[in-house]
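Engineer: 3D, please:
(2 chains)
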2 protein chains.
Amino acid sequence: MRNIVLEIAYDGTPYSGWQIQNNAVTIQGIIEDKLQEITQEQVRVLVAGRTDAKVHALGQIASFKTNCRISEEQIKCALNSMIPRDIRIFRVFEVPMSFHPRYSAKKRWYRYIINNGPEPIPFFKNFALWIRRSINIALLNEYSDRIIGVHDFTSFATLVDRESTEREVYECSVTRKNDFIILDIVANSFLRKMVRTIVGTFLELEKEQAGPERVTEILKAKDRSAAGKTAYPGGLYLVKIFY
Amino acid sequence: MRNIVLEIAYDGTPYSGWQIQNNAVTIQGIIEDKLQEITQEQVRVLVAGRTDAKVHALGQIASFKTNCRISEEQIKCALNSMIPRDIRIFRVFEVPMSFHPRYSAKKRWYRYIINNGPEPIPFFKNFALWIRRSINIALLNEYSDRIIGVHDFTSFATLVDRESTEREVYECSVTRKNDFIILDIVANSFLRKMVRTIVGTFLELEKEQAGPERVTEILKAKDRSAAGKTAYPGGLYLVKIFY
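Structural biologist: Okay, here's the model as predicted:
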């Protein structure tokens, strides 16, 4: 048996997220379906980051186990020829059987893009959150500094089970490029909707020109209602998983 | 009465083109509908280029006549607040009553974008035609040279009425930028589907490595069946109208 990794990019706009669901078009659903046709086996695809509906990925990592003898290059070509063009498999390679895309991952890098200008750029409707008012990047970076390190992120997450709520954020920074604001965040792992809740909260705090100590207070509250809204999914990109 | 011009950009992906139709969402339909709400008048919007379904625009020009006394800036703000974010009005200004967006136009600039790489970039599914095989740009430029000047473009058009079929192409050139090939074409005006038929034909000729004299032969045939297929609409952009 082989353990095969897929490196995947996708435009999440038309999909109900990664995870397979009944009566919904999902990326996992499409890929499992086509891998079953290719391998003629029952295939279960594991993934590093279960992105939500409309969230994009540049370097998603998925894996599946198979007894088939089709080469990695053939799997890549066959799969790409069968799936929609807004989902692309960029690399296929074999890894040790012990590799698990989620449990083996050491760090995840997500990016959130804001279109910050007097009018939204029409071509970015599905690819960035639009905000008209001028955003204070320096303040967003002060907020970012407050979440770096090990913290309990209960306030910034939609909890789905009793998993640990402690995470380590290694990097969080905000930059401007013309009419775009880019927030990059790297952590050992993320709780559900954590990046979007961080972004939504930072934007609400920035709007009221709150001091960065407010971020620390929200973290300490360990209560989702202490934070702000979950930001628009179309602005979020899973950039890279580090192993 | 005033004659008001709108400068418009749109992502054509979700729309059935510019022109108003029953039971279809069109850009003209949306804009006329909202202008009627704003002006409280029956509004008829004229346009420079009636783009087809899925075709995009960066600098579309439309106009309408009104007796209302709302300022241009207010019209722009009101309209932008009422229409979807993938359609944006960038400028609104008054022009003499004699101005007609189509008849007054001197030149039109269209751009066609091809994603030319081993795999399509997933985020460009609706914004470029994808072609895997390596394209010979020099040959496309030789073809382009053959259509510059005054010609009867019957072979490259879907004819809808008995209008004149002679057009003057001022510029036509092809450039490469990384995995993208960009064809820019400027003419006094275009016949229906002319740019897409030129692109589709050039790509078929390039695939068979045909010499540029073939383009001249196709022009001379004055027969649509002499040319190639109409290329995918999502790669086409109306860039600018010159007056």
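
Engineer: where does pLDDT dip in chain A?
Structural biologist: When residues are selected by pLDDT under 70, those of chain A lie in A:161-162.

Engineer: now with 90, please.
Structural biologist: A:158-163 (pLDDT under 90).

Engineer: what about the strands in it?
Structural biologist: All strands of chain A, identified by DSSP state E, fall at A:2-10, A:46-47, A:56-66, A:87-95, A:107-116, A:129-131, A:149-152, A:166-177, A:180-187, A:236-242.

Engineer: enumerate the residues of chain A near chain B.
Structural biologist: A:9-11, A:56, A:80, A:84-88, A:90, A:119-123, A:125, A:127, A:130 (CB under 8 Å from any CB of the partner chain). Any C-beta I mention is one placed from the backbone N, CA and C, and that applies to glycine too.

Engineer: now with 10 Å, please.
Structural biologist: Within chain A, the residues that sit near chain B (CB under 10 Å from any CB of the partner chain) are A:8-14, A:56-58, A:76-77, A:80, A:83-90, A:115, A:118-127, A:130, A:237.

Engineer: which of the residues you listed count as buried?
Structural biologist: A:8-13, A:56-58, A:76-77, A:80, A:83-90, A:115, A:119-127, A:130, A:237 (16 or more other CB atoms under 10 Å in any protein chain shown).

Engineer: can you redo the strands of chain A as CSV with distance to A:Val195?
Structural biologist: As requested, these are exported to CSV (distance: least, CB to CB, whole Å):
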stretch, distance to A:Val195
strand A:2-10, 17
strand A:46-47, 16
strand A:56-66, 12
strand A:87-95, 21
strand A:107-116, 5
strand A:129-131, 12
strand A:149-152, 14
strand A:166-177, 10
strand A:180-187, 6
strand A:236-242, 6
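
Engineer: find the nearest non-adjacent residue to A:Tyr110, please.
Structural biologist: Counting by CB to CB, 6 or more residues apart in numbering or on different chains, A:Val195 is the residue found nearest to A:Tyr110 once chain neighbours are left out, at 4.7 Å.

Engineer: try A:Glu72
Structural biologist: According to CB to CB, 6+ apart, the nearest residue to A:Glu72 is A:Val92 (4.3 Å).

Engineer: for the residue nearest to A:Gln36 when sequence neighbours are not counted, list the residues it contacts.
Structural biologist: Excluding the flanking residues, the one nearest A:Gln36 by CB to CB, 6+ apart is A:Val43, at 5.1 Å. When contacts are counted by CB atoms under 10 Å, 6 or more residues apart in numbering or on different chains, A:Val43 is found next to A:Ile4, A:Ile31, A:Glu32, A:Asp33, A:Lys34, A:Leu35, A:Gln36, A:Glu37, A:Phe64, A:Lys65, A:Thr66, A:Cys68.

Engineer: any of the residues you listed buried? List them.
Structural biologist: Buried residues within the contacts of A:Val43, counting neighbours by 16+ other CB under 10 Å: A:Ile4, A:Ile31, A:Glu32, A:Lys34, A:Leu35, A:Phe64, A:Thr66, A:Cys68.

Engineer: show me how chain A divides into domains.
Structural biologist: Following automatic domain parsing, one finds the domains of chain A at A:2-95, A:107-242.

Engineer: in TSV, list these along with distance to B:Met97.
Structural biologist: Below are these laid out as TSV (distance: least, CB to CB, whole Å):
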stretch	distance to B:Met97
domain A:2-95	43
domain A:107-242	28
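
Engineer: and the residue lying closest to A:Lys34 once chain neighbours are set aside, how close does it get to chain B?
Structural biologist: Nearest residue to A:Lys34 in three dimensions, chain neighbours excluded: A:Met82, at 4.4 Å (CB to CB, 6+ apart). Plainly put, A:Met82 is 13 Å away from chain B if you go by CB to the nearest CB, to the nearest Å.

Engineer: coming back round to it: report the contact partners of the residue nearest to A:Tyr110.
Structural biologist: Per CB under 10 Å, 6+ apart, neighbours of A:Val195: A:55, A:108, A:110-112, A:156, A:172, A:183, A:185, A:187, A:230-231, A:235-238.

Engineer: and what of A:Asp152?
Structural biologist: A:Ser164, A:Thr165, A:Glu166, A:Arg167, A:Leu191, A:Leu219, A:Lys220, A:Ala221, A:Lys222.

Engineer: and if you look at A:Leu191?
Structural biologist: A:152-154, A:156-160, A:163-167, A:197.

Engineer: please compute how far stretch A:169-188 lies from its chain's middle.
Structural biologist: Its chain's C-alpha centre and that of stretch A:169-188 lie 13 Å apart, by CA atoms, centre = their mean, to the nearest Å.

Engineer: could you tell me which residues within it count as buried?
Structural biologist: Applying 16+ other CB under 10 Å to stretch A:169-188 flags A:Val169, A:Cys172, A:Val174, A:Asp179, A:Ile181, A:Ile182, A:Leu183, A:Asp184, A:Ile185, A:Val186, A:Ala187 as buried.

Engineer: repeat for stretch A:1-8
Structural biologist: A:Asn3, A:Ile4, A:Val5, A:Leu6, A:Glu7, A:Ile8.

Engineer: list the contacts for the last one?
Structural biologist: What it means is A:Ile8. Shown in contact with A:Ile8 (CB under 10 Å, 6+ apart): A:18, A:27, A:31, A:45, A:47-48, A:57-62, A:79, A:83, A:87-92, A:238, B:122.

Engineer: could you give the bridge partners of it?
Structural biologist: A:Gln60, A:Ile89 (DSSP bridges).

Engineer: all set now, cheers.
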